[in-house]
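Participant: Provided below are the primary sequence and the corresponding predicted coordinates.
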Amino acid sequence: MSAHPMLSPSQTTRFRRKLLEWFRANKRDLPWRKQKDWYPVYLAEIILQQTTVEQGLPYYRAFIRRFPHVSALAAADLQEVLKLWQGLGYYARARNMHKAAGILTDRYGGCFPQDYKQALALPGIGPYTAAAILSQAFNRVHAVVDGNVSRVITRLLALEDDIRRADTQKRIQHVAGLLISRKYPGDFNEAMMELGALVCTPRAPLCASCPVSRYCRARDLGKAAQIPYKSPAVPKRRQYHLVMIRERENRILLRQGNDHGLLAGMWGFPVRVVSGKELEQPGKIEQMAPDGLHTKKISPPMRHVYSHIDLKYRVVWLEERPENRDDDKKNLWLARHELEHYPIHKAHLKALHWLDQQMKEAD
Ligand code: SF4
C-alpha cells in the first residue's frame, strides 16, 4: 500500500532508498550513533526530549561517563542524578530515568524490553521514545514522530491541518508507519528526523538540496514555508515570586522543594508568592522582610519560563541574626562553596549568580 496519495508503491520504495542514501552520506557524527547498544540510545533519547542536540550533547557525555551502564545509573543517589541534570530543566525526566534504570536492572536483568507495551510501561517512556529505542537499538519496525518528522510529512503531503490537533497527529503517525523502511527502521526514523533538522527546516527549507524533493507536494505547490500550520499556543500562566536568599554568618539557607510536582527533589531558596503589582514596588518588598531579617539588597526583576509558567521574580538578599535556628533535613545553612553540591533549579541558579555579583561588588 502506498503511504503518500501521490506515490505508487514503487515510488515509495525509491523514496526510502533516496532518503537512506542521503542519511548515510550526511548524518551528523553523534556519539550514540557509533554503537547499536540500547543504553546510549536510551540515554540520548531521554536527554534530547524537549532539548536540542547542541544543548543535550554535553549532558549526554557527562551521563555516559559517570554512569556507563544502566546498573550504575540505578545504583546512583537521585540527588547525584539531579545534580548532573542541573540546568537542563524538565526534571521529571531525570527522576523517571533514574526510576526506570532501577526497573530495568531489577526486573529485566539490565536489558531493555523489546516488547512495545512493556517499553511503554516504563517511567518516562512515551510512544515516541519507545519507538525510537526499539527501532534504533533492536531494528523493530516502529515509526517515530517528533516535531521534525511532523514537519516533513505535512510538507510531503501538503497537509494544511492544524498539527496541534490529535486527529492530525494520528494521520501523521499513520503515514509515518506506512512510509517506514521494513529493513532499516532505525536508520529510516533517524533519517526523517535528520532531514527535518538539517534540510526541511522550519522557516526556510532547503528544497533545492533535498533528496526527496521530487516526492514533495508542498514544494510543487510553492507552499513549503507555510506548512505545517500550528494554531497559537495557550498563553502560559504568570507567577510572581520573591526569592529570599537568607544569609547568616556567611552561610546561606538552602531548602529542598516538595516531593511532588515540577521541581520535586530539587533545591532552591525560600519563596514568597506576590502579585505582579507588588513585584514592581521595591519599597513595599523591603517591608515584607520576615521579623528579625534585614534587607541588604533587592535585584531588578528577572524572568524564567517553564513549560506552563512564565515566572517573574526578584531576589531579596536578607541578613539575619545568628540566634535564629531552623535547620532540619530540608533546610540547610551552607557556605557558598557547599551550594555547588546540591541540584538547584535554574531560576534560583540565576538568583545565586546575581548574589555572587553583589558579593563581589561589596568586597
Ligand atoms: S522539498 Fe522542501 S519542503 Fe519538501 S521535504 Fe524537501 S525540504 Fe521539505
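Facilitator: Yes, it's here.

Participant: how about the residues of the stretch 201-350 of the chain by the ligand?
Facilitator: Contacts of the stretch 201-350 of the chain with the ligand, taken as C-beta under 6 Å from any ligand atom, map to 205, 206, 207, 210, 212, 213, 216, 218, 219, 224. C-beta: built from backbone N, CA, C; applies to glycine.

Participant: wait, what's in contact with the second one?
Facilitator: With contact taken as C-beta atoms under 8 Å, 6 or more residues apart in numbering, residue 206 is in contact with 199, 200.

Participant: and the residues of the stretch 201-350 of the chain next to the ligand as TSV, adding secondary structure?
Facilitator: As requested, those are exported to TSV (DSSP: H, G, I helix; E, B strand; the rest coil):
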residue	secondary structure
205	coil
206	coil
207	helix
210	coil
212	coil
213	helix
216	coil
218	helix
219	helix
224	helix
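
Participant: quick check: the farthest pair among these?
Facilitator: 206 and 218 (13.4 Å; C-beta to C-beta).

Participant: poorly predicted segments of the stretch 201-350 of the chain, please.
Facilitator: 258-263, 323-329 (pLDDT under 70).

Participant: contact partners for the spatially closest residue to residue 319 that is not a sequence neighbour?
Facilitator: In space, and not counting its chain neighbours, residue 319 is closest to residue 294: 4.8 Å by C-beta to C-beta, 6 or more residues apart in numbering. Residue 294 sits next to 318, 319, 320 when contact means C-beta under 8 Å, 6+ apart.

Participant: okay, and the beta partners of the first one?
Facilitator: To tie it back to what came earlier, the one meant is residue 318. On the basis of DSSP bridges, residue 318 is bridged to residue 246, residue 295.

Participant: helix, strand, or coil at the residue nearest the centre of the chain?
Facilitator: Centroid-nearest residue in the chain, with C-alpha atoms, centre = their mean: residue 50, separated by 3.4 Å. Following three-state DSSP, the label given to residue 50 is coil.

Participant: please apply the same query to residue 238.
Facilitator: strand.

Participant: tally of neighbours for it?
Facilitator: 10 (other C-beta atoms under 10 Å).

Participant: quick one, what contacts it?
Facilitator: Residues near residue 238 by C-beta under 8 Å, 6+ apart: 276, 309, 310, 311, 312.

Participant: now with 7 Å?
Facilitator: 276, 310 (C-beta atoms under 7 Å, 6 or more residues apart in numbering).

Participant: list the beta-bridge partners for it.
Facilitator: Applying DSSP bridges, one finds that residue 238 bridges with residue 310.

Participant: can you tell me how far it is from residue 313?
Facilitator: In this view, residue 238 and residue 313 are 11 Å apart by C-beta to C-beta, to the nearest Å.

Participant: equivalent analysis for residue 195, please.
Facilitator: Distance from residue 195 to residue 313, by C-beta to C-beta: 41 Å.

Participant: one more: residue 249?
Facilitator: Taken as C-beta to C-beta, the span from residue 249 to residue 313 is 26 Å.

Participant: helix, strand, or coil at residue 235?
Facilitator: Relying on three-state DSSP, one would call residue 235 coil.

Participant: residues contacting it?
Facilitator: Per C-beta under 7 Å, 6+ apart, neighbours of residue 235: none.

Participant: look up phi and psi at it.
Facilitator: When quoted as degrees, to the nearest 10, the phi and psi of residue 235 stand at phi -60, psi 150.

Participant: distance of it relative to residue 305?
Facilitator: According to C-beta to C-beta, residue 235 and residue 305 sit 12 Å apart.

Participant: just residue 191 next, same as before
Facilitator: Taking C-beta to C-beta, one finds residue 191 at 32 Å from residue 305.

Participant: ok, those two, which is more surrounded?
Facilitator: residue 191 (25 against 12).

Participant: quick check: closest non-adjacent residue to that one.
Facilitator: Residue 191 sits nearest to residue 23 (C-beta to C-beta, 6+ apart), 3.5 Å away.

Participant: what does residue 49 give?
Facilitator: Setting aside the residues directly before and after it, residue 49 is nearest to residue 93 in space (C-beta to C-beta, 6+ apart), at 6.1 Å.

Participant: how many neighbours does the one you found have?
Facilitator: Neighbour tally, residue 93, other C-beta under 10 Å: 18.

Participant: assumed it was part of a helix.
Facilitator: Yes: Residue 93 sits within a helix when classified using three-state DSSP.

Participant: need the contact list for it.
Facilitator: Contacts of residue 93 by C-beta under 7 Å, 6+ apart are 46, 49, 124.

Participant: which residue in the residues you listed has the weakest pLDDT?
Facilitator: Within the contacts of residue 93, residue 49 has the lowest pLDDT, namely 86.

Participant: would you map the strands across the stretch 201-350 of the chain?
Facilitator: Secondary structure of the stretch 201-350 of the chain (DSSP state E, counting those that start in this stretch): strands located at 237-248, 251-256, 267-268, 271-274, 293-298, 302-305, 309-320, 331-335.

Participant: please save the CA atoms from the first one in CSV.
Facilitator: What follows is strand 237-248, C-alpha atoms only, in CSV (Å, rounded to 0.1, in the frame of the first residue of the first chain):
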residue,chain,number,x,y,z
ARG,A,237,0.3,31.1,33.5
ARG,A,238,2.0,34.1,35.1
GLN,A,239,3.5,33.8,38.5
TYR,A,240,5.4,36.4,40.6
HIS,A,241,7.9,35.4,43.3
LEU,A,242,10.3,36.9,45.8
VAL,A,243,13.3,34.6,46.1
MET,A,244,14.6,35.1,49.6
ILE,A,245,18.3,34.5,49.9
ARG,A,246,18.9,34.5,53.7
GLU,A,247,22.4,34.9,54.9
ARG,A,248,23.6,34.3,58.4
